[in-house]
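Colleague: turn this into a structure:
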Amino acid sequence: MAEHVFDIQRKDLIEGLGKGLRVIEAFDDDHPRLTASEAAALTGITRTAARRFLLSLCHFGYAATDGKHFWLSPRVLRLGQSYLGAARLPRLVQPFIQRASMQSGETVNMSVLDGHEVVYVARSNPPRYVSIGYQVGVRVPAHVVTPGFAILSTFDDASLDGWIAEHEFTGFTSHTVVDRDVFRANVHRARELGYWLTDQHLDTGLRGVAVPLKDRRGECKGAIGMTLQVQSYGSEEIIERLLPLLREAAQSLRPLL
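Modeller: Next comes the predicted model:
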C-alpha cells in the first residue's frame with residue numbers, strides 16, 4: 001500500500017523514542033512477559049537500555065513488573081485507540097461498510113496492511129444474533145486472510161516479490177497457502193479478478209471475500225471484505241450476491257479518498 005511520507009531528516013529524529021516503541025512491540029502472544037535480557041535480544045538494543053525503557057514504561061503506567069519480568073498494562077491500548085479515534089479513513093469508511101452490512105446481513109470490515117500483517121481498523125455488524133470475523137485492532141498474518149491477497153494484488157511485481165521473499169509463511173490449517181510460488185500465483189490471479197476468495201486458510205469453517213480499496217489516484221488504501229461461515233455460502237453465491245456489495249462500497253468511497 002503506497003503511503004506519502006514527509007521526508008524527515010535523521011538529525012530531527014529522537015532515536016530513544018523509536019527504541020522504546022520497539023520494546024513495546026516486542027511483547028506478543030509468544031512473549032507476554034519479558035525480562036530485560038529477553039527484551040534486549042528481541043529488539044537489538046543493550047540489556048541496560050532495555051531495562052531503562054521497561055522501567056520507564058512502568059513509571060508511566062504502560063507496563064508492570066515483579067522485579068524481574070515485565071508485562072504490558074491495559075494503558076497501552078490507548079495508543080491504538082488514539083489512531084482509531086483520530087484517523088480519517090476508518091471514520092470515512094464506516095457508513096459505507098454499514099450499508100453493505102445491512103444489505104447483506106453479514107459483518108463487513110475494512111483493513112490495512114502493516115508490514116506483513118493485516119490490521120482490521122473498521123467493522124460493521126448486522127442486527128442479528130451473532131457476528132463473526134475479526135474485531136477492530138486485530139492483527140493477522142497477511143497470507144492467511146482475504147484482505148492480504150486483495151491489497152497485495154495492487155503491488156507491482158518487484159514489490160510483491162520483495163514482500164514474499166521476506167514473509168514467513170506459517171501454516172494454520174490444511175488449507176493455508178505456504179508455498180511462495182502458489183501464493184504469488186494466487187495474488188496475480190486476484191489482480192486479474194479485482195477481488196479474492198479464501199477458504200479456511202486461518203480458521204476451519206470460515207471463508208472470506210475482499211476487494212482492494214483505492215483512492216482517486218488508484219493507490220490502494222486497504223481492503224473491504226467479509227468473513228463468512230463455510231456452510232452458509234458457496235463460492236458462486238458469494239460472487240453473485242455479496243461481491244457486488246463490496247465493490248459498490250469501494251467504488252463509492254474512491255472519490256472521497
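Colleague: for the stretch 101-250 of the chain, which residues score under the pLDDT cut-off?
Modeller: Along the stretch 101-250 of the chain, segments meeting pLDDT under 70 span 128-131.
Colleague: angles on the backbone of the residue of the chain most remote from its centre, please.
Modeller: No residue in the chain sits farther from the centre than Gly67, which is 33.9 Å out by Cα atoms, centre = their mean. Phi and psi for Gly67, reported as degrees, to the nearest 10, are phi 110, psi -30.
Colleague: from Phe53, how far out is it?
Modeller: Using Cβ to Cβ, to the nearest Å, we find Gly67 at a distance of 16 Å from Phe53. To be clear about C-beta, it is placed using only N, CA and C from the backbone, and glycine gets the same treatment.
Colleague: please apply the same query to Glu168.
Modeller: From Glu168 to Phe53 the distance is 26 Å (Cβ to Cβ).
Colleague: between the two, who's got more neighbours?
Modeller: Phe53 (25 against 8; other Cβ atoms under 10 Å).
Colleague: where do the helices sit along the stretch 1-150 of the chain?
Modeller: Secondary structure of the stretch 1-150 of the chain (DSSP state H, counting those that start in this stretch): helices located at 15-26, 36-43, 47-59, 77-86, 88-104, 146-152.
Colleague: tell me which of those helices lies nearest to Asp199.
Modeller: helix 146-152 (9.6 Å; Cβ to Cβ).
Colleague: buried stuff in the helix or strand that comes right after that closest one?
Modeller: Sequence order places helix 157-166 as the next helix or strand after helix 146-152, per DSSP states H and E. By neighbour count on 16 or more other Cβ atoms under 10 Å, the buried set for helix 157-166 is Leu160, Trp163, Ile164.
Colleague: so what does helix 157-166 touch, helix or strand wise?
Modeller: helix 180-193 (3 or more Cβ pairs under 8 Å, 6 or more residues apart in numbering; DSSP states H and E).
Colleague: quick check: angle from the helix it packs on to helix 157-166?
Modeller: 140 degrees (axes from the mean of the first three to the mean of the last three Cα atoms, to 10 degrees).
Colleague: partners of the helix or strand that helix 180-193 is followed by in the sheet?
Modeller: Using DSSP H and E, the next helix or strand after helix 180-193 towards the C-terminus is strand 196-199. With DSSP bridges as the test, strand 196-199 is paired with strand 206-214 (antiparallel).
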